[in-house]
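Visitor: everything below, folded, please.
(chains A and B, ligands or ions: 2)
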Amino acid sequence: MIFRRDTWSEILSSVTKNKARTTITVIGVLWGIFIYITLSGAAKGLDNGFERQFERVAMNSMFVWTQQTSVPYKGFKTGRFIQLKLNDVRTLKTKIPEIQYVAPRNAKGVFGGDAPNITKDLKHGKYNVYGDFPVVVKIATKDIYDGGRFLNEEDIKHDRKVCVIGERTQRELFNKDENPVGQFIKIDNSYFQVIGVHKFVQGGGFEDDGDIYIPFSTFRKLYNTGENVGWLAIAAYNDADVIEVEKKVKTVLKDIHSVAQEDERAIGSFNLGEIFNKVQGFSKGLTFLSLVVGVATIFAGVIGIGNILLISVKERTRELGVRRALGATPNEVKGQIILESVFLTLVSGVLGIILGALVLAGINAATQDVTDFPYTNPTVPIPYIIGALLIMIILGTLIGLIPAQRAVSIKPIDALREE
Amino acid sequence: MIAIKDLHKSYKMGSNVLHVLKGINFNVEEGEMVAIMGSSGSGKSTLLNIVGMLDLLDTGSYTLDGVPIVNLNETKAAKYRNKFLGFIFQSFNLINYKTALENVALPLYYQRVPKKERDEKALQYLTKVGLANWATHLPSELSGGQKQRVAIARALAAQPKVLLADEPTGALDSTTSYEVMQLLQEINDEGKTLLVVTHEEDIAKMCKRIVQLKDGVIIEDKKVNQIRASEYV
Ligand SMILES: Nc1ncnc2c1ncn2[C@@H]1O[C@H](COP(=O)(O)OP(=O)(O)OP(=O)(O)O)[C@@H](O)[C@H]1O
Ligand SMILES: [Mg+2]
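Guide: Numbers count the residues shown, from 1 in each chain, chains lettered A, B, ... in the order given. Ligands and ions are numbered 1, 2, ... in the order given. Next up is the predicted model:
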């Protein structure tokens, strides 16, 4: 019956010739599916947006620094300042196999203290200077403009006076058409050759478009930092549990530096992985919420269809009686009502999907240039759409059963007598 | 064609039982045109509805064209109605959102006749009742007489063995009534069996046999000389 072309044209005629009823019916489900599509699309957009914010940084990375102790231990008083050392890196790596990379870093001008003076010919300014190992890019990606490069092992080995500058540094210290690569700038009192310019990327996290990177070894000589390390950037392997790794790192560091294990203050950390998981959890929650809300509205819409069909079956009692007098079997009558229900549900569903897609496309166009709000490419996964359509077909059928049953429960002779 | 023996039918109304048909014996041969008369409430429609399988009998037997009508469920009844019977109602009962042609084609739809053939046949019957030019009109655009003629075309479309008409002229003025009766007579002339419920004497006299019902029994059953409706038109 479903596959007879006639069946559908019969349904089409009954549906299209009762326009007011059809319109009212359609709006309910259309609204539901529209809400569902826009909400879950928006949630997906947020999800994508968050992902983009984090894509420059290893998802399961963390930063560890030291502060003053808060618990007396092994004869040391509280308030002792702990200093991370280069040796800690090796110890951490050997003791914690989950760690993939450790980048010890030093900086001037970031966490308090004056930023160094940078001079280029007559122009000068204050910019943060980092002493880094090449491995740092494994934890937070740095894009370097063509013609330049980031620091490498040789730079470290020979304590080269080379630096990678930021976009803003270039803009502020160099002339417009000047290629900074190969030129020299003065950091405090030493000349450094520029080897690259790093692109500023939104979502690069905590760093700045003016930052200058120099080899760790050079930094150490320049500022006399010896074996000292400002902080550690650590990336765990993808399958590792970042929170566990963070705990282990702290335990190991407390051991090395004779800090009481219960001392919560001595070692500070910022766990990006944990935050990332939270954010991801948030957008997952949002997706789930939109799923629930969407399905609930679709449900309500379909129930609305059922209601209207029930009313319409009552209105059409006589017509259905005539059809039965002319030879329509109860199954044919039922089938017609159910298919009308499914048809209406599907048409409104598809319209809702189209409308939702248009709105999403609109939002997408509007947020195209917005970089500081995490919202990218709001789409609804195809399986969700297929799922929604399936739910609608099933619900449409189920809800159609009620008026269909009502339509045949009355004897044809009584149906014909109905006024 | 129709053989009814000792038919009883009653309706339950709460605790009361209304005995409407109290032992009807009634035979109709092929090609007859029978008027069923009687006062209001005498059970004319009830009898016609049982013959039309729109309603079930309580006791007795009913045979249509040699087929005993027993164990009638709705699906079976629907198939029989579609194959054997054509209905003409007092209030036409056209489907208001379908055109004249679509209305006439509807019984063929339930016979699963392909669309093209269906439309051809429907048009053929509309032509027969003189309404070929009105094929694409909705019932609301037709006069009462035209509506009844569309209904007659619809009743004929499935080529039933028997036409059942319950007060086919009840909603029409006398001129229009006679036109409709003329059409029914022509259909009968071609050999179709007709049962016409009416309480109008002149309409009954246009049939070939008159059956009088009173209080659920047949009190008179006589052949008459048919008066041709064309004499009045
Ligand atoms: N479905 C029903 N339920 C209860 N009573 C019914 C039902 N159908 C008919 N009756 C009763 O049965 C009796 C006969 O009804 P029927 O319709 O056969 O009369 P009729 O001869 O056709 O009358 P009229 O000329 O007014 O159409 C009436 O008293 C009517 O009230
Ligand atoms: Mg009656």
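Visitor: show me the contacts for residue A:245.
Guide: A:60, A:62, A:96, A:98, A:99, A:234, A:236 (C-beta atoms under 8 Å, 6 or more residues apart in numbering or on different chains). Every residue, glycine included, has its C-beta placed from N, CA and C.
Visitor: go with 6 Å
Guide: For residue A:245, the contact set (C-beta atoms under 6 Å, 6 or more residues apart in numbering or on different chains) comprises A:98, A:236.
Visitor: now the one 3 residues further on
Guide: Residue A:248 is in contact with residue A:96, counting by C-beta under 6 Å, 6+ apart.
Visitor: pull the CA atoms of the host helix or strand of it into PDB?
Guide: Per DSSP states H and E, residue A:248 falls inside helix A:242-256. Output of helix A:242-256 as PDB, limited to C-alpha atoms (Å, rounded to 0.1, in the frame of the first residue of the first chain):
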ATOM      1  CA  VAL A 242      46.500  14.400  32.700                       C
ATOM      2  CA  ILE A 243      45.200  14.800  36.300                       C
ATOM      3  CA  GLU A 244      47.200  11.700  37.400                       C
ATOM      4  CA  VAL A 245      50.300  13.000  35.600                       C
ATOM      5  CA  GLU A 246      49.900  16.400  37.200                       C
ATOM      6  CA  LYS A 247      49.800  14.700  40.700                       C
ATOM      7  CA  LYS A 248      52.800  12.600  39.900                       C
ATOM      8  CA  VAL A 249      54.800  15.600  38.700                       C
ATOM      9  CA  LYS A 250      54.100  17.400  41.900                       C
ATOM     10  CA  THR A 251      55.000  14.400  44.000                       C
ATOM     11  CA  VAL A 252      58.300  14.000  42.200                       C
ATOM     12  CA  LEU A 253      59.200  17.700  42.400                       C
ATOM     13  CA  LYS A 254      58.300  17.900  46.100                       C
ATOM     14  CA  ASP A 255      60.600  14.900  46.600                       C
ATOM     15  CA  ILE A 256      63.500  16.600  44.800                       C
END
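Visitor: buried residues, it. List them.
Guide: Under the neighbour-count criterion of 16 or more other C-beta atoms under 10 Å in any protein chain shown, helix A:242-256 has A:242, A:245, A:246, A:248, A:249, A:250, A:252, A:253, A:254, A:256 buried.
Visitor: any idea how far the helix ranked longest in chain B is from the chain center?
Guide: Longest helix in chain B by number of residues, with DSSP state H as the criterion: helix B:174-189. On the basis of C-alpha atoms, centre = their mean, to the nearest Å, helix B:174-189 sits 13 Å off its chain's mean C-alpha point.
Visitor: what is the subsequent helix or strand relative to it?
Guide: strand B:193-197.
Visitor: and the next helix or strand past that following strand?
Guide: helix B:201-204.
Visitor: what's in contact with that following helix?
Guide: With C-beta under 6 Å, 6+ apart, helix B:201-204 has contacts from B:35, B:37, B:169, B:198, B:210.
Visitor: give me the secondary structure label for the one residue in chain A that gets nearest to chain B.
Guide: Nearest residue of chain A to chain B: residue A:327, at 2.4 Å (C-beta to the nearest C-beta). Secondary structure for residue A:327, judged by DSSP: H, G, I helix; E, B strand; the rest coil, is coil.
Visitor: same question, residue B:212
Guide: Residue B:212 ends up strand, using three-state DSSP.
Visitor: for it, which residues make a bridge with it?
Guide: residue B:37, residue B:220 (DSSP bridges).
Visitor: check residue A:162 too.
Guide: With DSSP bridges as the rule, residue A:162 is bridged to residue A:193.
Visitor: contacts only, for it.
Guide: A:155, A:193, A:195.
Visitor: if we use 7 Å, what do you get?
Guide: A:155, A:192, A:193, A:195, A:214, A:215 (C-beta atoms under 7 Å, 6 or more residues apart in numbering or on different chains).
Visitor: you'd agree the fifth one is in a helix?
Guide: No. With the criterion set as three-state DSSP, the secondary structure at residue A:214 is strand rather than a helix.
Visitor: near chain A, which residues of chain B are found?
Guide: B:49, B:54-55, B:74-75, B:78-79, B:81-82, B:87, B:93, B:95, B:97, B:106-107, B:109-111, B:115 (C-beta under 7 Å from any C-beta of the partner chain).
Visitor: ok, 6 Å please
Guide: Contacts of chain B with chain A, taken as C-beta under 6 Å from any C-beta of the partner chain, map to B:49, B:54-55, B:74-75, B:78, B:81-82, B:87, B:93, B:95, B:97, B:106-107, B:110.
Visitor: list only buried entries from those residues.
Guide: Here, 16+ other C-beta under 10 Å leaves B:49, B:54-55, B:74, B:78, B:81-82, B:87, B:93, B:95, B:97, B:106-107, B:110 buried among the residues of chain B next to chain A.
Visitor: between those, which is nearest residue B:176?
Guide: residue B:93 (17.3 Å; C-beta to C-beta).
Visitor: I figured that closest one hits residue A:320, correct?
Guide: No. Using C-beta atoms under 6 Å, residue B:93 is not in contact with residue A:320, being 11.3 Å away.
Visitor: nearest spatial neighbour of residue B:54, chain-adjacent residues omitted?
Guide: Excluding the flanking residues, the one nearest residue B:54 by C-beta to C-beta, 6 or more residues apart in numbering or on different chains is residue A:413, at 4.2 Å.
Visitor: what about that neighbour, distance to residue B:199?
Guide: 20 Å (C-beta to C-beta, to the nearest Å).
Visitor: give me the phi and psi angles of the residue nearest the centre of chain B.
Guide: Nearest to the mean C-alpha position of chain B, by C-alpha atoms, centre = their mean, lies residue B:164 at 1.6 Å. Note on residue B:164: its backbone torsions stand at phi -110, psi 120 [degrees, to the nearest 10].
Visitor: quick one: contacts for it?
Guide: Counted by C-beta under 6 Å, 6+ apart, residue B:164 has contacts B:48, B:52, B:87, B:195.
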